[in-house]
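1. Task: produce atomic coordinates for the following.
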Amino acid sequence: MKIDNITLSFRNKVILKDIDIEIKKWEFVFMIWYSWSGKTSVIRSIIWDFRPERGDIILDSNLALYRWMTEDTLLAYRRDIWVIFQDYKLLESKKVYENVAFAMEVCGYSDALIRKKVPEALEKVWLLIKKDKFVYELSWGEKQRVAIARALVHDPKIIIWDEPTWNLDPETAKEIMDIFLDLNAEWKTVIMATHDASIVNALNKRVITFQDRKVTSDVPNGKYNLK
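-> Numbering: from 1, shown residues only. The predicted structure follows:
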């Protein structure tokens, strides 16, 4: 995927200008920002939810997301990429199994495939034992793992997470990071937008820093560098 010279504006105000980033298959990338500096806008532009004023998102197939996307290719693309937002967007009144199944139902998967894939995803995030618990009964860390399971049932090639360790204690945050390191080792591209210096510094992955409406650094095996 290549973020190709995009400029993002909102209400005639430029949020980010002339951004060029290439993320290769199977990379693990941190993106760090100051608050209110365009993080959510970049994520939305990657998933066809916020059209750039200029530039485009170029996919691995060389398809330009905003210039050449058709309805069929958009559907396929959205199954290849999954975003976990900060609020998780879980259904609190439904059980864990139902939350993960719902993510497949709305995409038209068969009942047989849902029965197969939901337990597999819950097993991978250590939540199969809690499949019949209501979401409101879970801890924050468990809710995060439900959100991860909802992504995994689609077997996406790219997973983007907005603030993965928000509201978590250090031990639970490490458990979540371990899951994503495993996923990255299984040939998934992982992109994390975060303000958590401790996880960025601990994992020693590629770090892209945004400041003053532009990319100010892009470092392999980088550290958190915002003051």
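
2. Counting by contacts, list what the helix or strand in which I15 is found packs against.
-> In the assignment (DSSP states H and E), I15 maps to strand 13-22. Packing partners of strand 13-22 (3 or more CB pairs under 8 Å, 6 or more residues apart in numbering; DSSP states H and E): strand 2-10, helix 39-46, strand 54-58, strand 214-219. Placement of C-beta: from N, CA and C, glycine included.

3. Contacts only, for the closest residue to I23 other than its chain neighbours.
-> Nearest residue to I23 in three dimensions, chain neighbours excluded: M1, at 5.0 Å (CB to CB, 6 or more residues apart in numbering). By CB atoms under 8 Å, 6 or more residues apart in numbering, the contact list for M1 reads E22, I23, I46, I57, I58, L59, D60, I158, T189.

4. right, and the helix or strand after the strand holding I15?
-> strand 28-32.

5. Just want the angle from the worst-scoring helix or strand of the chain on mean pLDDT to strand 54-58.
-> When the helices and strands of the chain are scored by mean pLDDT, DSSP states H and E, helix 71-80 comes last with a mean of 80. Here the directions of helix 71-80 and strand 54-58 differ by 70 degrees (axes from the mean of the first three to the mean of the last three CA atoms, to 10 degrees).

6. what's next to helix 71-80, contact-wise?
-> I47, W48, L59, L63, L65, M69, C107, H154, P156, K157, I158.

7. Buried only: go through the residues you listed for me.
-> I47, L59, L65, M69, H154, P156, K157, I158 (16 or more other CB atoms under 10 Å).

8. what packs against the top helix by length along the chain?
-> Among the elements of the chain assigned as helix by DSSP state H, the one spanning the most residues is helix 170-185. With contacts taken as 3+ CB pairs under 8 Å, 6+ apart, helix 170-185 sits against strand 28-32, helix 140-152, strand 158-162, strand 189-193, helix 197-203.

9. can you list the residues that contact the last one?
-> Applying CB under 8 Å, 6+ apart, the contact partners of helix 197-203 are 28, 30, 32, 164-165, 170, 173, 177, 181, 194, 207, 222-224, 226.
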